[in-house]
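In: Test case, fold it:
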Amino acid sequence: MPTTLHHHRTPFDDWRSILISVYLTLIGYGVQVAMPVISAARMELLGFSKVEVGRVAGADLGGLALGALLAALLLGRADRRVLVIVGAALVVVANGLCMTYPQYEPTLWLRGVAGIGGGLCTAVAVSSLGASSRPARAYNIMLFAFAFFQALEMRVLPTLSMNGIYWLFIWGFVAGAAGVRWLPARPHESILDAELDVAEPSGGHHLEHRRVPAYIPWLGLAAIFFTYVNIGGYWTYIELAADDAGVAEGLMRGLLEWGSLASITGCLLATRISDRFGLARPLMMTLASMALAVGLLHSGIDAGKVVVSILSFNLLWTFVDIFQMSSVANADHSGVFAALMPGAQGLGQIVGPNLAASLLDASLGYDAVFLLCALSTLIGLAVYAAMYWRLRRLIPALADAS
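Out: Residues are numbered from 1 along each chain as shown. Model prediction:
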């Protein structure tokens, strides 16, 4: 009998819940998407080396992973609003101390603390979006807003001092904490429960509940991790690599701004594609294309390759995020595994910049960095393909869900 994944409304579909969740993801991921500008600012304004920049980026994004893990462990019994307030407080304190202690060693540790706070807020927000009846739609709204937010960051952050950047994030999290009353406090679904709409031969319908094996969302999280090893390494060093190759600074700044706006095209297309073809097959094609976009720079960097790579990367990044995050959210509608997604992303982004920094420290150059990025994306593709084919055998309706 024909079977599809059943979607029903939850308290997380309320527009106020979606609004505050989207805002919290914007500020929670703010450091991540602005990493090229922030890395360049730390080199120019604080005198950090390119290796130190990679380590600090890894601390920031590794803290995000740890904060998301803590949130996932606590979501089943803790009030989501309290988690957001605690996370915002950590971000405010750590950013304030970064202004007092700008040296490399204290900055390294303080960025880890700020990352933990950001991870708590971001995980709660991502989990809340994933607990809505249509996760792909909710994540599409988030990333559509992100395209404009990223372009704004790329325009504003280069005009600020390092302290100005810290103050911007402080006030952003204060505003987010002020809106937590709009978040539902507790989850409303059972963990790892897939609700299926089964069409009967008589024309009627009935609902069935199927238990999703726990390793399915874990495979989805592993694919996200490997994808974000690529994203972390690429996004931390693309501006520095282009500068090292002599690509004009004005061109790079324009590309980073317009590249973020290219994400809008991805948002407009992603939901249409997933509604027609599901999530899995478009995601696998997108990961293969992303590996080509970053691997293009392995054979050398020039202005033409940088233009193609950055614009393609931003467009494909949107597809990857919507398809990957929606796949995990569909597998576990309680939001517990969705809360781990920022952790998988953050862990990938501590590994990516640090591996890239190690390659540069070994004098292997930026060519090796972009080869690493391409290979990690292909590993993520292989992991996700294994998850998909396993689901096709167990719960086909979930494997091909939109």
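In: Secondary structure element holding residue 84?
Out: Residue 84 belongs to helix 80-100 when assigned by DSSP states H and E.
In: just checking, what packs against that helix?
Out: With contacts taken as 3 or more Cβ pairs under 8 Å, 6 or more residues apart in numbering; DSSP states H and E, helix 80-100 sits against helix 50-74, helix 104-130, helix 162-178. Any C-beta I mention is one placed from the backbone N, CA and C, and that applies to glycine too.
In: For residue 90, which of these is the nearest?
Out: With Cβ to Cβ as the criterion, residue 90 lies closest to helix 104-130 of the helices and strands packed on helix 80-100, at 2.9 Å.
In: how far does the following helix or strand past that closest one sit from the chain's center?
Out: Next helix or strand after helix 104-130 toward the C-terminus (DSSP H and E): helix 135-156. Remark: helix 135-156 is offset 11 Å from the chain centroid, using Cα atoms, centre = their mean, to the nearest Å.
In: List the buried residues in the one helix or strand residue 317 maps to.
Out: According to DSSP H and E, residue 317 maps onto helix 303-331. Buried positions in helix 303-331, judged by neighbour count with 16 or more other Cβ atoms under 10 Å: 305-307, 309-331.
In: got any ranges where the stretch 251-400 of the chain has weak pLDDT?
Out: Within the stretch 251-400 of the chain, the stretches with pLDDT under 70 are 251-262, 399.
In: for this structure, which residue is closest to the average position?
Out: Taking Cα atoms, centre = their mean as the criterion, residue 345 is the residue nearest the geometric centre of the chain, at 5.5 Å.
In: Let me know the distance separating it from residue 175.
Out: Distance of residue 345 to residue 175, given as Cβ to Cβ, to the nearest Å: 23 Å.
In: can you check residue 265 too?
Out: Separation of residue 265 from residue 175 (Cβ to Cβ): 29 Å.
In: and if you look at residue 20?
Out: Relative to residue 175, residue 20 is positioned 10 Å away (Cβ to Cβ).
In: just the strands in the stretch 151-300 of the chain please.
Out: Remark: strands assigned in the stretch 151-300 of the chain by DSSP state E, counting those that start in this stretch are 193-199, 205-211.
In: among the ones you listed, which gets the worst mean confidence?
Out: Lowest mean pLDDT of the strands of the stretch 151-300 of the chain: strand 193-199, a mean of 57.
In: Could you pull up the mean pLDDT of stretch 140-149?
Out: In this model, stretch 140-149 has an average pLDDT of 83.
In: Can you list the buried residues in it?
Out: Buried residues in stretch 140-149, counted by 16+ other Cβ under 10 Å: 140-147, 149.
In: For residue 270, which residues are in contact?
Out: Residue 270 makes contact with 136, 140, 143, 318-319, 322-323, according to Cβ atoms under 8 Å, 6 or more residues apart in numbering.
In: now with 6 Å?
Out: Contact partners of residue 270, counting by Cβ atoms under 6 Å, 6 or more residues apart in numbering, are 140, 319, 322.
In: Looking at these, which one is closest to residue 71?
Out: Comparing the contacts of residue 270 against residue 71 with Cβ to Cβ places residue 322 closest, at 21.2 Å.
In: Looks like residue 294 contacts residue 371 (just checking).
Out: No: look at residue 294 against residue 371 with Cβ atoms under 6 Å: they stay out of range, at 8.8 Å.
In: so where's the stretch 51-200 of the chain shaky on pLDDT?
Out: Flagging of the stretch 51-200 of the chain using pLDDT under 70 yields the residue ranges 187-200.
In: Just to be sure, residue 363 is in a helix?
Out: No: assigned with DSSP: H, G, I helix; E, B strand; the rest coil, residue 363 falls outside any helix and is coil.
In: how near is it to residue 370?
Out: Counting by Cβ to Cβ, the separation of residue 363 from residue 370 is 16 Å.
In: For the two, work out which one has more neighbours and name it.
Out: Comparing residue 363 with residue 370 by other Cβ atoms under 10 Å, the one with more neighbours is residue 370, at 28 against 7.
In: just checking, that one touches residue 300?
Out: No: in this structure, residue 370 is not within contact of residue 300 by Cβ under 6 Å, at 10.0 Å.
In: Helix, strand, or coil at the residue lying closest to residue 145 once chain neighbours are set aside?
Out: Counting by Cβ to Cβ, 6 or more residues apart in numbering, residue 145 lies nearest to residue 22, which is 5.5 Å off, once chain neighbours are set aside. Secondary structure, three-state DSSP: residue 22 is helix.
In: tally of neighbours for residue 22?
Out: As a burial measure, residue 22 scores 21 neighbours (other Cβ under 10 Å).
In: So what touches the helix holding residue 84?
Out: Applying Cβ under 6 Å, 6+ apart, the set of residues contacting helix 80-100 from outside is 71, 107, 110, 113-114, 116-118, 120-121, 124, 163, 166, 169-170, 173, 177, 180, 183, 185.
In: how far does that helix sit from the chain's center?
Out: Computed by Cα atoms, centre = their mean, the separation of helix 80-100 from the middle of its chain amounts to 20 Å.
In: Send me that helix as PDB with only the CA atoms.
Out: Output of helix 80-100 as PDB, limited to C-alpha atoms (Å, rounded to 0.1, in the frame of the first residue of the first chain):
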ATOM      1  CA  ARG A  80      14.400  25.400  26.400                       C
ATOM      2  CA  ARG A  81      14.100  29.000  27.500                       C
ATOM      3  CA  VAL A  82      16.500  28.500  30.400                       C
ATOM      4  CA  LEU A  83      19.100  26.900  28.100                       C
ATOM      5  CA  VAL A  84      18.900  29.900  25.800                       C
ATOM      6  CA  ILE A  85      19.300  32.400  28.600                       C
ATOM      7  CA  VAL A  86      22.300  30.500  30.000                       C
ATOM      8  CA  GLY A  87      23.900  30.300  26.600                       C
ATOM      9  CA  ALA A  88      23.400  34.000  25.900                       C
ATOM     10  CA  ALA A  89      25.000  34.800  29.300                       C
ATOM     11  CA  LEU A  90      28.100  32.800  28.400                       C
ATOM     12  CA  VAL A  91      28.500  34.600  25.100                       C
ATOM     13  CA  VAL A  92      28.200  38.000  26.700                       C
ATOM     14  CA  VAL A  93      30.800  37.300  29.400                       C
ATOM     15  CA  ALA A  94      33.300  35.600  27.000                       C
ATOM     16  CA  ASN A  95      33.000  38.400  24.400                       C
ATOM     17  CA  GLY A  96      33.400  41.000  27.100                       C
ATOM     18  CA  LEU A  97      36.600  39.300  28.300                       C
ATOM     19  CA  CYS A  98      38.000  39.000  24.800                       C
ATOM     20  CA  MET A  99      38.100  42.800  24.700                       C
ATOM     21  CA  THR A 100      40.000  42.900  27.900                       C
END
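In: I am finished for the moment; much appreciated.
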